[in-house]
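Undergrad: Sharing a sequence plus its predicted fold:
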Amino acid sequence: MKFKLGTMLSDVLRSAFKAPATERYPFVRKEAPERLRGKLFWDPAKCTGCQLCVRDCPSEAIELIVLDRVSKRFVLRYHPDRCTYCAQCVVNCRFKCLNMSNEEWELAATQKEPFTVYYGRDEDIQFLLEKIANENAGERVECPE
Amino acid sequence: MNNLTVHPLIALLLFPGGLFLLGGGLFYEWIDRKLVARFQNRLGPRWFQPLADLVKLLAKEEITPQGVNRALFFMLPVIALASALTSALYVPIAGFVSANSFRGDLIVTLYLLSVLTLCLGLAGANTMNRFALIGATRTLTQLFSYEAPFLLALLGPAIVTKSWQIMTINYYAQQHLWMAITQPIGFVVALVGLMGKLELPPFDAPEAETEIVAGAMTEYSGRGLALFHLGKNVELLIGLTMVAAFYLGGLANPLEFLAKTLGLLVLLTVLQSLFARLRIDQTVGLWWRAGALLALLQLVVVFLLR
Amino acid sequence: METQRKFIVPIGPQHPALKEPGHFQFTVDGEIVTDASVRLGYVHRGIEKGAESRNWTQNLYLFERICGICSHVHATALAIGVERLAGVQAPPRAQAIRILMAELERIHSHLLWLGVAAHEGGFDTLFMYSWRDREIVMDLLESLSGNRVNYSVNLIGGVKFDVEDKHRDAILRGLDTLEERTRHYLNVVTTDRTFLARTRGVGTMSREQAELFGTVGPTARASGVARDVRVDAPYEAYTQFPVNLVTDERGDLMARFVVRTKELFESYRLIREILDHLPAGELTVRVPRKIPAGETVSRVEAPRGELFYFIKSNGGEKPERIKVRTPSLCNWASVMQVAVGHKLADMPMILSGIDPCFSCNDRMVLIDRGSSAQVWSWDELRRYGIEYYKKL
């Protein structure tokens, strides 16, 4: 075995003449891959209220609030700060109501408001928020233990 | 050689001593870090980074640990920086005539640079911190090992010039062929010796970050650390000037100074990024076996060919 | 006459050499280490206890987060065990995708280790370059699974996503680049003089010693012990895609570098083979929510060695007990024994030579001494801790 000195010389000299490998984020942003698991989004149109998504969430990040089961009025409360972005809820949903965005993944915030997100029809969310504001114990379904 | 003389007070405080030295030290530190980064295929800091580091350190609280000699703790960084700045009096900084010059000032300059390393070692020995103690031991061990070959390597040009005065050697080097070509072995030993003196990789065992945190400087923070860093930067500048003046054909004017010292710095950074860190016993072994012998060989050749 | 003074150098819990907290005490005489001891437990998070209050699917994600570098194999071990209890086996395509991700993870882990070990030895250039090349693998993992670490591939009963043609092409292209770079790194690691001065003959562990200390993984294989769970007890699709064992006879630090680098080549070959012969079929199989009662043991080969899971179910939706034994725990004894007689400067490299993963390590062991057992309340424990450190 021949012993050499300075085996990385070729790398070192080549790097002197080419651009550094560092990505100058946030001035340069690479496109996120298609399957990136970013923020969760919910489409209320197809939800049946089965709550399989809620039951298997490892960190209690989503809650389904039932306003009226018969007329399928649900509101989904999502906590991006508790979410582990595992996509188990996405897999569990049989009607493909949930999906994880690959565009919204820069979720850091300096306030607490962005970390409680309500999804649903606008009038439903309005209704729920008023109800909570009135300090009425709304019909909330907790995650079954 | 430039005959321009500056008012002594300006020379001392602004140019070519004082602020220019400190600024120049920061600039060379930036070039060193930027080049090493580029060789590692990454971006590297922006030009004001060493200045920002200095300002930040000066603004931080200085914590004096328990069990140290307070006067020594306070004074050692100051003495280190002072000796580094004083050694600039005798070398052709920026290509100008040195502020003071007398026979034998080569030894004085080298001694002053060693005072800096000695202060570092004392600073480490001053504390009760284990990492600092080990770092101090390593610093002093390394000092004893590279000092002799480095001095011998710088003696080569001195013998050919028949003088131990730096400005005379500088003048002689300008008249003759580059001594890097006529005394190649001496040049190699001087270059590697410079890396040892400045504790650059692969000879950075005294401040091995992954083994002993920061070596002798572990307990320092705030102002003391800033002064030590400044002292090291000035040492970088002076060391480069001396090796460039002796072996690369002397420094006659500021342009030559910039070009030659920067060229030497580029060579140093390439060497820095190529090797892994050597253990302290390997460093000492290398120096006392290979380094001293090569330097002696070069001296013998110089004597014979005189 | 010299007085024998015990000079103890503490490394950790906060130290630039350690990426995770752990406390080592080296008794030093000059630069020679005369004694070594270790104290772990700084990263204990109560995961095994937490597993008892989560259902099986939630546990998959909890156990994945025991370690960041070997996260997939933890989840795989749990999934395999639970499927065995439920009496099902994941479909062949899912099994193949599982080991595809496992091999990609092995590549990422070994490249990470190469950089970190080089950094401990002061060779920052190799560190930067190997981590730059590691980005290729991270990007592949991200495009396949959606995340760079904690890929969350597994489900109880299969995998979450499929490997399509465009992913296949991207993986093959990335592997070509990586293979070329790995060849260069093997060259550097075996021939660079300054690097060899730090690794050759350092931390030598003979084969008998390796077997006595119970080392596993590449650390053992570097001392000639031919032990690899993928070969001894093939699980999942390793029966279909066999693995060649990589061993080295020297047993020193350089041998560990060589073994891990050669394992990289083996992983590249394996991934190409899997992609060529990916079995068709479904991705999941139906598993009931309540797992039938029983006990089982599942062993997988993490990048660091043999990972061992004991899973006990009492027929419900939540596990009764899951016990994890990670490979790093086995390798500590070897470090502490081998360290004596070496110089202090070698310590970081010997420590990182076993590829320690502190987060994996910490479990609580209950030693029940019968009647003299003492139960402490939280306040008492807190006060005890404060007093203990005040005395130091």
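TA: Sure, I can see it.
Undergrad: For chain C, list the residues in contact with chain A, please.
TA: C:53-55, C:57-62, C:65, C:125-126, C:129, C:132, C:135, C:139, C:142-147, C:150, C:152, C:155, C:160-161, C:184, C:187-188, C:190-194, C:196 (Cβ under 8 Å from any Cβ of the partner chain). In short, each C-beta sits where N, CA and C put it, glycine included.
Undergrad: So which of these sit within strands?
TA: C:L155 (DSSP state E).
Undergrad: among the residues of chain C next to chain A, which are within reach of chain B?
TA: Under the cut-off given by Cβ under 8 Å from any Cβ, chain B has C:125-126, C:129, C:132, C:192, C:194 from these close to it.
Undergrad: Contacts only, for the closest residue in space to C:P279 that isn't next to it in sequence.
TA: Nearest non-adjacent residue to C:P279, counting by Cβ to Cβ, 6 or more residues apart in numbering or on different chains: C:P92, 4.1 Å away. Residues near C:P92 by Cβ atoms under 8 Å, 6 or more residues apart in numbering or on different chains: C:237, C:240, C:279, C:281.
Undergrad: What of C:M336?
TA: Neighbours of C:M336 in contact, by Cβ under 8 Å, 6+ apart: C:36-38.
Undergrad: ok, now which ones touch the residue nearest to the spatial centre of chain A?
TA: Nearest to the mean C-alpha position of chain A, by Cα atoms, centre = their mean, lies A:K39 at 2.6 Å. With contact taken as Cβ under 8 Å, 6+ apart, A:K39 is in contact with A:80, A:100-101, A:104-105, A:107.
Undergrad: For it, which non-adjacent residue is spatially closest?
TA: Spatial nearest neighbour of A:K39, chain neighbours left out: A:E104 (4.3 Å); criterion: Cβ to Cβ, 6+ apart.
Undergrad: Retrieve the pLDDT associated with that neighbour.
TA: In the predicted model, A:E104 carries a pLDDT score of 86.
Undergrad: among the residues of chain C next to chain A, which ones are buried?
TA: C:54-55, C:57-62, C:65, C:125-126, C:129, C:132, C:142-147, C:150, C:152, C:155, C:160-161, C:184, C:188, C:190, C:192, C:194, C:196 (16 or more other Cβ atoms under 10 Å in any protein chain shown).
Undergrad: just for the chain, where's the confidence low?
TA: All of this is about chain A. Applying pLDDT under 70 to chain A picks out residues A:1-2, A:135-145.
Undergrad: I was after chain C.
TA: C:1-5, C:362-375, C:392.
Undergrad: Nearest residue to the middle of it?
TA: C:R304 (3.7 Å).
Undergrad: so how far is C:C70 from it?
TA: 7 Å (Cβ to Cβ, to the nearest Å).
Undergrad: same question, C:P218
TA: Look at C:P218 and C:C70: by Cβ to Cβ, they are 13 Å apart.
Undergrad: overlap in contacts of these two?
TA: C:303-304.
Undergrad: burial of whichever residue of the stretch 201-350 of chain C sits closest to chain B, as a residue count?
TA: At 4.4 Å from chain B, C:A345 is the closest residue in the stretch 201-350 of chain C, using Cβ to the nearest Cβ. When neighbours are counted by other Cβ atoms under 10 Å in any protein chain shown, C:A345 registers 26.
Undergrad: show me what contacts it?
TA: Taking Cβ under 8 Å, 6+ apart as the test, what C:A345 contacts is B:205, B:208, B:211, B:279-280, C:31.
Undergrad: And the residues you listed, which is closest to A:T22?
TA: Lowest distance from A:T22 to the contacts of C:A345 (Cβ to Cβ) belongs to B:A208, with 25.8 Å.
Undergrad: Need phi/psi at A:R77.
TA: Main-chain torsions, A:R77, degrees, to the nearest 10: phi -100, psi 120.
Undergrad: scratch that, B:I212 is what I was asking about
TA: According to degrees, to the nearest 10, B:I212 has phi -130, psi 40.
Undergrad: Spatially nearest residue to it, not counting backbone neighbours?
TA: Closest to B:I212 by Cβ to Cβ, 6+ apart is B:F131, at 4.3 Å.
Undergrad: give me every residue that touches the one you found.
TA: Counted by Cβ under 8 Å, 6+ apart, B:F131 has contacts B:212-215, B:218, C:9.
Undergrad: So which of those residues belong to strands?
TA: Among those, the residues falling in strands (DSSP E) are C:V9.
Undergrad: and the contacts of B:F131 as JSON lines, adding distance to B:Y111 and neighbour count?
TA: Formatted as JSON lines, the contacts of B:F131 follow (distance: Cβ to Cβ, whole Å; neighbours: other Cβ atoms under 10 Å in any protein chain shown):
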{"residue": "B:I212", "distance to B:Y111": "27", "neighbour count": "31"}
{"residue": "B:V213", "distance to B:Y111": "30", "neighbour count": "22"}
{"residue": "B:A214", "distance to B:Y111": "26", "neighbour count": "18"}
{"residue": "B:G215", "distance to B:Y111": "22", "neighbour count": "27"}
{"residue": "B:T218", "distance to B:Y111": "26", "neighbour count": "23"}
{"residue": "C:V9", "distance to B:Y111": "33", "neighbour count": "18"}
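Undergrad: need the residues of chain C near chain B, please.
TA: Residues of chain C lying near chain B (Cβ under 8 Å from any Cβ): C:7-10, C:15-17, C:28, C:31, C:118-126, C:128-129, C:132, C:192, C:194-195, C:197-198, C:343-348.
Undergrad: Just the ones of the residues you listed in helices?
TA: C:118-120, C:124-126, C:128-129, C:132, C:194-195, C:197-198, C:347-348 (DSSP state H).
Undergrad: of these, closest to B:L89?
TA: Closest approach between those and B:L89, by Cβ to Cβ: C:D124, at 35.6 Å.
Undergrad: Verify the stated contact: that closest one with B:R42.
TA: No: if you go by Cβ atoms under 8 Å, C:D124 and B:R42 don't touch, sitting 10.5 Å apart.
Undergrad: Quick check on those two: which one has the bigger neighbour count.
TA: Neighbours were counted for C:D124 and for B:R42 using other Cβ under 10 Å; C:D124 has more, 19 against 16.
Undergrad: check contacts around the more buried one.
TA: Counting by Cβ under 8 Å, 6+ apart, C:D124 has contacts B:40, B:201, B:273, C:118.
Undergrad: Repeat that for C:F195.
TA: Per Cβ under 8 Å, 6+ apart, neighbours of C:F195: B:276, C:118, C:121, C:123, C:126, C:188-189.
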